[in-house]
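# For reference, the sequence and a predicted model appear below.
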Amino acid sequence: MIPQDRHVPERLLLARHGQTRWNLEHRLQGQLDSPLTDEGLRQAKAVAERVVGSGVAMVFTSPLGRALQTAVVIAERLGVDVVAVDELADVHQGDMAGLTWDEIDIEHPGARADRAANRYGWAFPGGESYAQARARARRALSACGWASSGVPLLVGHEMIGRMLRAELRGLDGPSALALRHPHDVVFEITNGVERIL
């Protein structure tokens, strides 16, 4: 359950950025960036249409370009403001950002096995772990809760999104890591209960 000493919205919407070029190339993005594809832009527009009438008062977004571009598309359709929140940036993948797993196997031998042994606690070299990112997710939720006078919509990334959903739903690390978030899906989470909008 969510601790009562934090200001977390009772209801919020969570979206992921649209598809990017690096998504198609199976490259880790982390806190680096690649542009939305035409399909990614279409997905952003589809999400915007899906949330019309859902009571969104403000769109909060990761400051990374792919999320920010998605958030702007949504906010313009809804006629609401966009606020970038640094804590919504994706998990920092350090030296592995921009690489495919095949490239990682060459440049960081053994890293895949080390990660598999403790996926939640393992930190990307020069980056962070899911456990560390979860603390950022907690701060992001509190910041968005305090700043929004209505239903907030958060635009983020799949990896940090797992941690946001874990916080909101009270999930442990392994359960959080099993979560998926397709580019064109919007989750509505109300008092810890999640559904697809």
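Now that the structure is in, tell me what you want to look at. Only a predicted model underlies this, so the values are computations on that prediction, with no experimental measurement involved. Numbers count the residues shown, from 1 in each chain.
# Distance from the chain centre to the longest helix anywhere in the chain, please.
Looking across the chain with DSSP state H, the single longest helix is helix 130-147. With Cα atoms, centre = their mean, to the nearest Å as the basis, the distance from the averaged C-alpha position of helix 130-147 to the chain average is 11 Å.
# Export it to CSV, keeping only CA atoms.
C-alpha atoms of helix 130-147 as CSV (Å, rounded to 0.1, in the frame of the first residue of the first chain):
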residue,chain,number,x,y,z
TYR,A,130,15.7,-0.8,-10.7
ALA,A,131,15.8,-0.5,-6.9
GLN,A,132,17.5,2.9,-7.2
ALA,A,133,15.0,4.0,-9.9
ARG,A,134,12.1,3.0,-7.7
ALA,A,135,13.1,5.7,-5.2
ARG,A,136,13.0,8.2,-8.1
ALA,A,137,9.5,6.9,-9.1
ARG,A,138,8.3,7.5,-5.5
ARG,A,139,9.5,11.1,-5.6
ALA,A,140,7.9,11.6,-9.0
LEU,A,141,4.6,10.4,-7.8
SER,A,142,4.7,12.7,-4.9
ALA,A,143,5.7,15.7,-7.0
CYS,A,144,3.0,15.0,-9.5
GLY,A,145,0.4,14.6,-6.7
TRP,A,146,1.3,17.9,-5.2
ALA,A,147,1.4,19.8,-8.4
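# model confidence over the helix or strand that that helix is followed by, on average?
Helices and strands here follow DSSP states H and E; after helix 130-147, the next one along the chain is strand 151-156. When pLDDT is averaged over strand 151-156, the result is 96.
# And for stretch 19-35?
On average, stretch 19-35 scores 97.
# Flag every buried residue along it.
Q19, T20, W22, N23, R27, L28, Q29, G30, Q31, L32, D33, S34 (16 or more other Cβ atoms under 10 Å). Placement of C-beta: from N, CA and C, glycine included.
# If anything else comes up later, I'll come back, but that's it for now.
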